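Q: here is the input, now give the coordinates:
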Amino acid sequence: MTTTGPSPASQLSSVEANGWAALLAQLLQSNQPLPGGLEAAAREVAPSRLSRAFAAAAEQLRAGKSLEEVLQGPSRFSRPVRALLVAGVCSTDLAVSLEEVIQLERTARALRRRIVMNLAYPALLMLMLVALFVFFTLAVVPELASMYRDFEVRVPVQTQLWIGVAEGGPWLLIAHLAGVAGLFALVCLFSGVPAVRHTLNRFPLLGPLARWSGLARFVRLLALLIERRVPLAVAVELAGEGSRDADLGDASRVVARRAAAGCPLDQSIQRLPQFPESMQGILRWGQGSGTLPQALRILAQVLEGRVEAQLVLLRMLVPPFTFLIILGGLLTMIAALVLPIVSLIERLT
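A: Here you go, the predicted structure:
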C-alpha cells in the first residue's frame with residue numbers, strides 16, 4: 001500500500017513539525033539526497049507520527065513529486081508555514097525559510113515556558129489551599145457542625161455556608177470542583193472563537209500578554225511572507241492564521257479584504273481594535289521607503305518589548321496577589337471555624 005502521509009487525524013504537532021523542518025534544513029545545507037536522508041531519519045526515530053511523516057515524504061520524492069508538492073501535502077504544516085516554505089522553494093532559499101520557521105516556533109515555546117514558570121508556584125499554592133479546604137470540609141466541619149447543634153450555638157454566615165457544603169457530602173463538593181474545572185475547560189475549548197478570544201485578551205495580566213505575543217508573531221510571519229513575494233492580501237490572512245489568536249485572525253481577514261481592494265497596509269488596519277494605532281506610522285514609513293519587511297521586523301521588536309514588560313509585571317504582581325488570596329482564604333476558614341467555638345466557650349463560662 002502506498003503511503004500518502006499523515007492523515008488529518010494524525011496531524012503533526014508544532015514540536016513535530018519543527019523537528020521535520022529542522023531535519024529538512026539540515027539535509028538541504030549538507031547537500032545530501034533528500035529521499036535517502038528522510039528514510040534514514042524514519043528508521044532512526046521511534047515509531048511515531050514524525051517517523052511516518054519522514055517515510056511518506058521520502059516515498060513521495062522517490063515517486064517523482066517535487067519538494068514543493070511534498071510541502072503542500074495536507075496535515076504536515078499549518079497553512080501559513082506551508083506557504084512560507086513553498087515560497088522558499090520558489091525563491092531557492094528554502095533552508096533560510098526553514099530556519100526562520102524553526103526560530104518562530106522556538107520563540108513561541110520559550111514564551112510558553114516562561115509563562116508556565118511564572119505561574120507554576122502560585123498555582124501550586126492555590127492547589128494546596130483547595131486541598132486544605134477539602135480536607136477540613138470532609139473531616140473536620142461535619143464533627144464541628146454536630147457539636148454546634150448539640151449546644152445550640154449560633155454560627156456566622158460563612159460557617160453556615162461551609163456546613164452546608166460539608167453536609168452535602170463529597171459528591172456535592174466534587175460537583176462544585178467539577179463545575180470550576182468544567183468552566184475552565186469550556187474557556188479553553190472556545191478560545192478559538194473570535195468573540196471569546198477578544199474577551200480573554202481583555203483580562204488583566206494574561207490578556208495583554210497573549211495579545212502582544214500573538215501580534216508579534218503575526219508581524220514576524222507577515223514580514224517573512226512578504227519577503228518571499230507572497231501577495232499582501234494572502235500574506236495578511238496567512239499571518240493572522242499563524243498568529244494562533246482567533247480574534248487577531250478574524251481581524252486579519254478584514255485587513256486582507258481591504259488590501260485585496262488596493263488599500264495600503266497602514267490604511268487597511270485602521271479602526272480595528274486588534275491593531276494599535278502606533279502601528280500605522282511604522283507601516284507608513286516602511287511602505288513609503290520600500291522597506292516594509294524591515295519595518296515589520298522593527299515593529300515586531302517593539303511588540304516583543306511589550307511582551308517582556310508584561311512578563312516582568314506578571315512576575316512582580318502574581319506572587320503578592322497569590323499571597324493575599326491565600327491569606328484571605330486561610331483567615332476566612334479560621335474565622336468560620338473559630339468564631340463559633342469562641343461563642344460556645346463564652347456561653348459555658
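Q: mind listing the helices for the stretch 151-300 of the chain?
A: Ranges of helices in the stretch 151-300 of the chain, per DSSP state H, counting those that start in this stretch, are 157-167, 169-189, 194-200, 206-227, 232-242, 246-260, 265-268, 278-289, 292-348.
Q: buried residues in the fourth one, which are they?
A: If I follow you right, that is helix 206-227. Under the neighbour-count criterion of 16 or more other Cβ atoms under 10 Å, helix 206-227 has 207-227 buried. (Each C-beta comes from the backbone N, C-alpha and C, glycine too.)
Q: again with the fifth one
A: Buried residues in helix 232-242, counting neighbours by 16+ other Cβ under 10 Å, are found at 232-233, 235-242.
Q: and it, what's its mean pLDDT?
A: What helix 232-242 shows for mean pLDDT is 90.
Q: please save the CA atoms from that helix in CSV.
A: C-alpha atoms of helix 232-242 as CSV (Å, rounded to 0.1, in the frame of the first residue of the first chain):
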residue,chain,number,x,y,z
LEU,A,232,0.0,41.2,0.5
ALA,A,233,-3.7,40.2,0.9
VAL,A,234,-2.8,36.5,1.1
ALA,A,235,0.2,37.1,3.4
VAL,A,236,-2.0,39.1,5.8
GLU,A,237,-4.6,36.3,6.0
LEU,A,238,-2.0,33.6,6.4
ALA,A,239,-0.1,35.6,9.1
GLY,A,240,-3.4,36.1,11.0
GLU,A,241,-4.0,32.3,10.9
GLY,A,242,-0.4,31.7,12.0
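Q: and the contacts of that helix?
A: 78-81, 83, 217-219, 221-222, 225-226, 230, 248-253, 255-257, 259-260, 265, 268 (Cβ atoms under 8 Å, 6 or more residues apart in numbering).
Q: relative to helix 246-260, how tilted is that helix?
A: Counting by axes from the mean of the first three to the mean of the last three Cα atoms, to 10 degrees, helix 232-242 points 180 degrees away from the direction of helix 246-260.
Q: I'd like the distance from helix 232-242 to the chain centre, please.
A: The gap between where helix 232-242 is centred and where its chain is centred comes out at 19 Å by Cα atoms, centre = their mean, to the nearest Å.
Q: that one vs helix 292-348, what angle?
A: Using the same axes, to 10 degrees: helix 232-242 against helix 292-348 is 30 degrees.
Q: quick one, helix 232-242 and helix 206-227 angle?
A: Going by the same axes, to 10 degrees, helix 232-242 makes 140 degrees with helix 206-227.
Q: buried members of the contacts of helix 232-242 into PyMOL, please.
A: Typed into PyMOL, the next command selects the buried ones out of these (criterion: 16+ other Cβ under 10 Å):
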select buried, resi 78+80+81+83+217+218+219+221+222+225+226+230+248+249+250+251+252+255+256+259+265+268
